[in-house]
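Q: Curious how this folds, go ahead:
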Amino acid sequence: MPDCEVCGKHIKRMNYRHTGIHNLSMQEYREMYPQAALDDVDVLQRISDGAKRNYEENPERKIAQSKRQTGKHWQWKEDAKGHDGWEQSQEAKDNNSQKMKELWQDPEFIAKQKQNNPILWDTESRPEQSILAKKLWENPEYRAKQSAAHTKPADLEKYPAKCILCGKNFKAISTRHLKIIHKSTIEEYLLLDSEAIILSVWNKGKTKDTDKRLAKLSKSIEQLWTDEDYRVSQSAALTGRHYALSDEAKINIGKGAKKSWDKTEYRKRQDEQKREYWDKPENKEARSELMKEKYLDPVYVKMIVASQHRKPNKQEMQVMEILDKWDPDQWYYVGDGKLWIAGKNPDFVNYERRHLIEFNGEYWHRDENPAERISHFRKNGWNCSVIWDYNLPNIIELINV
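A: Numbering: from 1, shown residues only. Predicted coordinates for the structure are as follows:
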């Protein structure tokens with residue numbers, strides 16, 4: 001029977017509950033007393049013999065246990081990253097979760113947990129434990145020891161792809177592994193190992209209409225966003241987040257976007273999606289109402305105008321010359337966002353006459369109704385003349401009218 005190296009007590013099996021009495025974790029106990037015995041050999045043998053005898057004398061129990069693992073409660077799971085093993089079914093997880101929730105509502109159970117695990121419940125000592133754990137993991141020998149203890153020999157038939165940077169085996173080398181572990185990319189890795197097995201993107205070329213997995217994922221996301229609380233929490237979490245991007249991240253995002261737009265298929269797909277969206281009248285109307293509200297906000301307007309760097313084009317400069325000759329120092333170009341009237345920005349203004357001019361090119365404004373623009377400014381106390389580019393020589397006559 002092993003003896004506790006701290007207090008000398010005889011214990012059948014050393015465990016975290018006993019080491020907790022001395023404010024030590026099992027790992028710390030092993031580090032402090034590497035030669036100390038943790039288990040009684042006779043006890044281990046009796047446990048092993050008892051388990052074998054139980055299965056030999058009760059074959060039905062063995063069959064039931066096997067069915068339980070491979071049936072309702074357990075399922076075998078594999079993924080492309082090399083992780084596999086027995087996993088509880090969703091039904092079993094839900095049942096266990098419900099039971100644990102009920103247990104943690106019981107004051108007696110909580111009191112018992114505090115008594116059995118004093119270290120876990122001692123909030124004052126947690127920072128010290130965290131510092132100890134960090135110091136342990138800073139030791140290369142400790143990290144190597146932990147890695148060896150938790151790493152199984154590679155099954156080359158299942159995991160034929162070996163990463164030449166870290167030596168780990170996978171079914172295929174993934175972009176995520178290279179990016180997070182080695183701060184590298186697929187392109188850089190292929191320069192080192194041109195015959196590497198690379199993990200292909202599982203959803204490439206698939207849609208929710210053709211793939212059940214994507215359809216299920218899409219449905220679950222849609223259900224999430226129907227929850228008002230979830231939308232509010234996501235909005236609060238993401239507000240201002242894009243402003244915190246580093247310069248390097250912005251450059252990488254820009255490069256990624258350029259690569260995508262260099263592909264003809266991507267451009268066609270984006271164009272089709274936009275056309276499909278704008279072909280629906282309800283989308284146009286909703287967008288129009290949204291933009292009207294936004295352009296009533298002076299902060300938003302100032303930000304948009306500053307980003308566009310508006311300047312008068314050649315024809316607008318011709319209009320300005322004609323107006324200056326006709327009525328010097330009375331007309332001003334404000335199409336660069338200097339003047340906004342109830343969310344609308346006119347091109348030229350005469351403050352003394354309270355008169356506005358909207359100069360429209362036939363191509364860009366062919367679908368607009370000038371009467372709506374005139375009515376809008378008139379409601380806000382301004383006269384307005386709409387001049388088309390083909391009427392440029394007759395602009396003075398049209399203004400007088």
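
Q: Pull out the CA atoms of the helix or strand harbouring residue 112 and give them to me as CSV.
A: Per DSSP states H and E: residue 112 is located in helix 107-116. What follows is helix 107-116, C-alpha atoms only, in CSV (Å, rounded to 0.1, in the frame of the first residue of the first chain):
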residue,chain,number,x,y,z
PRO,A,107,-27.4,22.6,-2.2
GLU,A,108,-26.2,19.4,-0.6
PHE,A,109,-24.5,18.3,-3.8
ILE,A,110,-22.8,21.6,-4.1
ALA,A,111,-21.6,21.5,-0.5
LYS,A,112,-20.2,18.0,-1.0
GLN,A,113,-18.3,19.1,-4.1
LYS,A,114,-16.8,22.0,-2.2
GLN,A,115,-15.7,19.7,0.5
ASN,A,116,-14.2,17.1,-1.9
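
Q: can you give me how far that helix is from the chain middle?
A: Centre-to-centre, helix 107-116 and its host chain are 38 Å apart (C-alpha atoms, centre = their mean, to the nearest Å).

Q: and what of stretch 195-206?
A: 21 Å.

Q: Flag every buried residue along that stretch.
A: residue 199 (16 or more other C-beta atoms under 10 Å). Placement of C-beta: from N, CA and C, glycine included.

Q: After the host helix or strand of residue 213, which helix or strand is next?
A: Here residue 213, judged by DSSP H and E, is contained in helix 212-225. Using DSSP H and E, the helix or strand that follows helix 212-225 in sequence is helix 228-238.

Q: That following helix versus helix 212-225: what angle between them?
A: 90 degrees (axes from the mean of the first three to the mean of the last three C-alpha atoms, to 10 degrees).

Q: What separation do you get for residue 382 and residue 337?
A: Remark: distance between residue 382 and residue 337 (C-beta to C-beta, to the nearest Å) = 17 Å.

Q: Who has more neighbours out of the two?
A: With neighbours defined as other C-beta atoms under 10 Å, residue 382 and residue 337 compare such that residue 382 has more, 20 against 14.

Q: Just confirm the more buried one contacts residue 357, I think it does.
A: No: Residue 382 is beyond contact range of residue 357, at 10.7 Å (criterion: C-beta atoms under 8 Å).

Q: Show me whatever sits in contact with both of those two.
A: Applying C-beta atoms under 8 Å, 6 or more residues apart in numbering, one finds that residue 382 and residue 357 are jointly contacted by residue 346.

Q: Wait, a strand at residue 384?
A: Yes: counting by DSSP: H, G, I helix; E, B strand; the rest coil, residue 384 is part of a strand.

Q: Would you mind listing the outside residues contacting stretch 133-146?
A: 27, 31.

Q: any idea of the mean pLDDT in the helix or strand containing residue 134?
A: In this structure, residue 134 sits in helix 126-138 according to DSSP H and E. Average pLDDT, helix 126-138: 77.

Q: list the buried ones in it?
A: residue 132.

Q: export it as PDB, just CAs?
A: C-alpha atoms of helix 126-138 as PDB (Å, rounded to 0.1, in the frame of the first residue of the first chain):
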ATOM      1  CA  ARG A 126      -6.500  30.000  -8.600                       C
ATOM      2  CA  PRO A 127      -4.100  32.700  -9.800                       C
ATOM      3  CA  GLU A 128      -1.300  30.900  -8.100                       C
ATOM      4  CA  GLN A 129      -2.300  27.600  -9.700                       C
ATOM      5  CA  SER A 130      -2.500  29.300 -13.100                       C
ATOM      6  CA  ILE A 131       1.100  30.800 -12.600                       C
ATOM      7  CA  LEU A 132       2.400  27.300 -11.600                       C
ATOM      8  CA  ALA A 133       0.800  25.700 -14.600                       C
ATOM      9  CA  LYS A 134       2.200  28.300 -17.000                       C
ATOM     10  CA  LYS A 135       5.700  27.800 -15.500                       C
ATOM     11  CA  LEU A 136       5.400  24.100 -16.000                       C
ATOM     12  CA  TRP A 137       4.400  24.500 -19.700                       C
ATOM     13  CA  GLU A 138       7.300  26.800 -20.300                       C
END
